[in-house]
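Trainee: Next one to model:
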Amino acid sequence: MAKRKRKITEMTEKKNKKLKKASAKEMPPAATPGTGEAHAKGGAAWGAGQDTALELPELTPEEKRVLERKLKKERRKEERKQLRKAAVPSVPAKPSGAQLALDYLRGWAQKHENWKFQKTRQTWLLLHMYDNDQVPDELFSTLLAYLEGLRGRARELTVQKAEALMQKSDEARGADTLPLGTIQRVRQVLQLLS
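Mentor: Numbering: from 1, shown residues only. Below you'll find the predicted structure:
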């Protein structure tokens, strides 16, 4: 039984290939399926209610249905592909964590009604507040004002880290010290929170 099915599918595949070649040869370049223009040989119009199966007498009815399904599936696939190409919206890039945190700080400074506390933004600011590249100088004064309201464990940890950085810079006076801008920022934070 399996051998018989295999032979049938092989025969169907061969007939399908022949059919595609024959239909490509018969269809003139000006006549496209569905336009209703006259066929070069038979005078019949493509897509004018006639099935491709009627034009191909060597195929069995089941083979015709299979072929029609395949062709229909290919057309749908092409249409979907064209729709995807046309409908691909340009996805704007997500803002980075740094940008989101700085926007959070600006929003706090302007006292917007829709501003609300965000732990992740505060954490990012506390981790990067000594870096001149991450938090620009013009926003550092705003960050200091924000730190005045810092409470609880976050305040304690910020003071501990600032003290540890100051100790590190004092111990390594001659070799591999922190940048001058970072040391100034650490001093400002310590003065504010201590």
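Trainee: Let me see the confidence value for residue 43.
Mentor: Residue 43 carries a pLDDT value of 46.
Trainee: Least confident secondary structure element in this structure?
Mentor: Lowest by mean pLDDT, DSSP states H and E among the helices and strands of the chain is helix 52-55, with a mean of 49.
Trainee: I'd like the next helix or strand past that one.
Mentor: Next along the chain after helix 52-55, taking DSSP states H and E as the criterion, comes helix 61-87.
Trainee: Mind giving me the packing neighbours of that next one?
Mentor: helix 2-26, helix 52-55 (3 or more CB pairs under 8 Å, 6 or more residues apart in numbering; DSSP states H and E). Quick note: C-beta positions are derived from backbone N, CA and C, even for glycine.
Trainee: For the helix or strand just after it, output the C-alpha coordinates as CSV.
Mentor: For helix 61-87, the following helix or strand on the C-terminal side (DSSP H and E) is helix 97-110. Extracted in CSV, the C-alpha atoms of helix 97-110 (Å, rounded to 0.1, in the frame of the first residue of the first chain):
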residue,chain,number,x,y,z
GLY,A,97,18.2,52.8,31.0
ALA,A,98,20.4,55.9,31.3
GLN,A,99,18.0,58.0,29.2
LEU,A,100,15.0,56.8,31.2
ALA,A,101,16.7,57.5,34.5
LEU,A,102,17.7,61.0,33.4
ASP,A,103,14.2,61.7,32.1
TYR,A,104,12.9,60.5,35.5
LEU,A,105,15.1,63.0,37.2
ARG,A,106,14.1,65.8,34.9
GLY,A,107,10.4,65.0,35.6
TRP,A,108,11.0,65.1,39.3
ALA,A,109,12.7,68.5,39.0
GLN,A,110,9.8,69.9,37.0
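Trainee: Name the residues of helix 97-110 that are buried.
Mentor: Judged by neighbour count using 16 or more other CB atoms under 10 Å, the buried positions of helix 97-110 are 101-102, 104-105, 108.
Trainee: Pick the one among those residues closest to residue 15.
Mentor: The closest of these to residue 15 turns out to be residue 101 (CB to CB; 66.2 Å).
Trainee: got the contact list for that closest one?
Mentor: The contact partners of residue 101, by CB atoms under 8 Å, 6 or more residues apart in numbering, come to 121, 124-125, 128.
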